[in-house]
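Asker: sequence below, structure please.
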Amino acid sequence: MSEQTTQNRWIVVIGALIVQVSLGAVYIWSVFQTPLKAAFPTWTETQVTYPSQIVLAAFALAVIIGGRIQDKLGPRIVGIAGGIILGIGLILAKFTQNFTSSPDMALYWLTFTFSILGGLGIGFAYVCPIATCVKWFPDKRGLITGLAVAGFGAGAFFFAPLAKALILGGPYEIMTVKLFTLPQIGVFNTFLTLGVIFLVAVVLGSSLLKNPPAGYKPAGWNPPQPVGGTGSRVDYSPTEMLATPAFWLLWITYFAGCAAGLQVIMKASPIWQSFSISAVSARPVPEEIFNGIVSKGAMAVSLIAIFNAVGRIFWGKVSDNIGRKSTLIVMFLLCGIAMLLLNSFRTYPLYILGTGVVGLCFGGYLALYPAVITDYYGTKNVGINYGLMFTAYGAGGLAGPYLAAKLMTAAEKVPYLITEKGQQITKEFALGSYSTAFIVCGIACLIAGAIILVVQPPKAEKN
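Answerer: Numbers count the residues shown, from 1 in each chain. Sure thing, here's the model as predicted:
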């Protein structure tokens with residue numbers, strides 16, 4: 001391999017990380033939830049959850065479309081288009097404020113802009129770094145897919161505290177370290193600001209993506225030969241892949257893991273707020289205490305993002321050493337146990353531990369399933385093939401947050417104090433229990449681990 005080729009494949013990874021860090025901000029929805037409910041008091045828990053569900057579903061659908069297009073046109077064009085669509089969607093979400101007198105219309109507008117346009121943009125751009133990196137790094141497939149999507153998990157680490165600081169005003173804090181102070185611009189102008197940031201960053205990162213030359217392989221590396229005639233043939237078309245039982249068993253397990261992970265990630269802040277506010281005796285909750293709880297909720301989103309990002313790299317590397325199957329079984333076992341115990345983790349350290357384990361495993365799912373699809377079905381059609389598998393993520397994104405909202409048992413509406421436009425006013429927080437939703441997803445993860453035990457790769461076929 002020439003010096004230039006060696007350099008080029010790592011430049012692709014840099015572009016992938018820039019893109020993914022920006023796209024990963026989709027996981028900060030829980031930071032928006034409380035201020036949006038304050039702006040639209042008639043919205044129910046289920047209604048304020050809709051945009052977070054739809055954005056994940058649109059994201060998954062767009063991965064299929066974007067994967068097919070990038071297989072034909074290459075990653076750069078599709079990634080840039082995704083960045084533009086995402087940026088426009090969030091910029092337009094700002095105008096949700098024009099519908100404060102019509103809460104239903106506001107929800108429709110926010111869902112169209114943030115969720116549908118934003119989700120389509122995320123999906124188009126997301127698939128490009130993954131499909132590109134696995135072609136450049138067949139020698140490190142588990143590790144590199146983990147690294148390629150690590151930025152997606154880490155995005156919330158940077159953007160959750162940024163969104164919180166812009167919405168409420170005050171310091172931009174990372175891990176309690178106050179870096180600089182930001183003005184209070186409110187939730188709607190925060191959508192606008194993030195839209196501009198994401199548009200520029202995704203377009204820049206996508207410009208660094210390109211496919212390797214035909215027939216490329218790293219110097220000194222040769223593809224491993226199938227053992228005992230049980231390996232995958234070189235490349236499967238989407239139709240051929242869908243005809244294999246392994247695909248559907250993997251789809252079910254991916255769905256279970258994503259439902260658990262996205263339930264926690266998309267609801268991390270309000271879940272902590274419910275845990276914490278329930279322990280406060282003062283009514284209304286004083287502003288200083290409430291702001292402290294909100295800050296810890298935003299920090300929880302950031303900390304989960306760290307676990308999410310680390311899990312993508314860690315589990316990807318582990319799977320290269322002990323195999324994808326063994327790694328997935330361990331992950332589903334850990335995630336299932338954490339979900340079953342989560343409702344009892346009411347102190348902040350325990351809450352971070354429980355949600356961190358879920359985030360760690362969820363990150364691993366996002367790293368391992370692209371690698372598994374490539375191992376089983378080849379690299380030629382990896383964009384569309386993984387796009388089809390990624391529908392499990394979209395379905396999990398619909399199911400996980402929905403269960404958290406639908407199965408939440410409302411305890412009471414707790415008044416709290418907050419300052420808006422220089423005046424202290426009283427708002428209400430809907431206190432609830434998410435225990436049943438945690439149990440459902442925990443059991444689903446344990447079942448998924450059992451299914452992985454019986455999954456076998458498609459038998460080698462002769463062309």
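Asker: which stretches of the stretch 101-250 of the chain form helices?
Answerer: Along the stretch 101-250 of the chain, the stretches classed as helices by DSSP state H, counting those that start in this stretch are 103-110, 118-136, 141-168, 186-206, 238-242, 245-277.
Asker: so can I have TSV of these showing mean neighbour count, mean pLDDT and distance to Pro415?
Answerer: Placement of C-beta: from N, CA and C, glycine included. TSV is the format used below for the helices of the stretch 101-250 of the chain (neighbours: other Cβ atoms under 10 Å; pLDDT from 0 to 100; distance: least, Cβ to Cβ, whole Å):
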stretch	mean neighbour count	mean pLDDT	distance to Pro415
helix 103-110	17	95	20
helix 118-136	29	88	33
helix 141-168	26	81	18
helix 186-206	21	95	20
helix 238-242	15	92	53
helix 245-277	24	92	10
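Asker: tabulate those helices in a markdown table, adding columns for distance to Gly297.
Answerer: Formatted as a markdown table, these follow (distance: least, Cβ to Cβ, whole Å):
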| stretch | distance to Gly297 |
| --- | --- |
| helix 103-110 | 21 |
| helix 118-136 | 22 |
| helix 141-168 | 8 |
| helix 186-206 | 15 |
| helix 238-242 | 41 |
| helix 245-277 | 3 |
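Asker: out of those, flag the one nearest Pro218.
Answerer: Closest of the helices of the stretch 101-250 of the chain to Pro218 is helix 118-136, at 8.4 Å (criterion: Cβ to Cβ).
Asker: what is the orientation angle of that closest one with helix 141-168?
Answerer: Comparing the axes of helix 118-136 and helix 141-168 via axes from the mean of the first three to the mean of the last three Cα atoms, to 10 degrees yields an angle of 150 degrees.
Asker: list the helices and strands helix 118-136 packs on?
Answerer: Under the contact definition 3 or more Cβ pairs under 8 Å, 6 or more residues apart in numbering; DSSP states H and E, helix 118-136 sits against helix 3-23, helix 45-73, helix 75-93, helix 141-168, helix 186-206, helix 348-377, helix 382-389.
Asker: and the shortest one, what does it pack onto?
Answerer: With contacts defined as 3+ Cβ pairs under 8 Å, 6+ apart, helix 382-389 has these neighbours: helix 45-73, helix 118-136, helix 238-242, helix 245-277, helix 348-377.
Asker: next, the buried residues of the following helix or strand past that helix.
Answerer: The helix or strand immediately downstream of helix 382-389 is helix 391-406, counting by DSSP states H and E. Going by neighbour count (16 or more other Cβ atoms under 10 Å), the buried part of helix 391-406 is 391-405.
Asker: gap between helix 391-406 and the chain center?
Answerer: 12 Å (Cα atoms, centre = their mean, to the nearest Å).
Asker: just to revisit the earlier point, for Ala448, which of the helices and strands packed on helix 382-389 is the nearest?
Answerer: Ala448 lies closest, by Cβ to Cβ, to one member of the helices and strands packed on helix 382-389: helix 245-277, at 3.9 Å.
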